[in-house]
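Visitor: Dropping the sequence and predicted coords here.
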Amino acid sequence: VTAMANVSFDLQWKEAMVELLDQLELLDPTSNQSLSTTLLAQDNAEKFQHFATLYIRYLQIFRKLEESYDQMVHPQKRRDIKKALVSVIGRVLEV
């Protein structure tokens, strides 16, 4: 793996982590408006759309992390990426 490839996979990893943090901020349980009250006000089609969007976003994040993990040569970075991968997989299963 060339130096440029390392840089690109580092950037991809960072992008995925920023997207994950953004996603977690959207679903912050300490926010003023509770997710459960929002979902109660929605009909089934809106609920489906909400969860389908969440699922797709988490899969996109997962794919970026998976590719970064696969191409990363640094063992410490691989370990950190793997922790994020396991967390994202857990989140996908929750959705």
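Guide: Perfect, thanks for sending it.

Visitor: Could you pull out the buried residues of stretch 55-71?
Guide: Neighbour counts using 16 or more other Cβ atoms under 10 Å place 57, 58, 61, 62, 64, 65, 68, 69 of stretch 55-71 among the buried residues. Where you see a C-beta, it was placed from the backbone N, CA and C, and this is true even at glycine.

Visitor: Please convert the residues you listed to JSON lines, extending it with secondary structure.
Guide: Formatted as JSON lines, these follow (DSSP: H, G, I helix; E, B strand; the rest coil):
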{"residue": "57", "secondary structure": "helix"}
{"residue": "58", "secondary structure": "helix"}
{"residue": "61", "secondary structure": "helix"}
{"residue": "62", "secondary structure": "helix"}
{"residue": "64", "secondary structure": "helix"}
{"residue": "65", "secondary structure": "helix"}
{"residue": "68", "secondary structure": "helix"}
{"residue": "69", "secondary structure": "helix"}
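
Visitor: Out of those residues, give me the two with the largest separation.
Guide: With distances taken as Cβ to Cβ, the most widely separated pair in these is 57 and 69, at 18.6 Å.

Visitor: hang on, the earlier thing: with distance to residue 86 and pLDDT as extra columns, can I get the buried residues of stretch 55-71 in TSV?
Guide: Shown next, in TSV, are those (distance: Cβ to Cβ, whole Å; pLDDT from 0 to 100):
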residue	distance to residue 86	pLDDT
57	17	95
58	13	95
61	13	95
62	10	96
64	15	95
65	10	95
68	14	94
69	11	94
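
Visitor: so which of these would you say is closest to residue 84?
Guide: Closest to residue 84, out of all of the buried residues of stretch 55-71 and judged by Cβ to Cβ, is residue 65, at 5.5 Å.

Visitor: ok, now how distant is the closest one from residue 48?
Guide: Going from residue 65 to residue 48 by Cβ to Cβ, to the nearest Å gives 26 Å.
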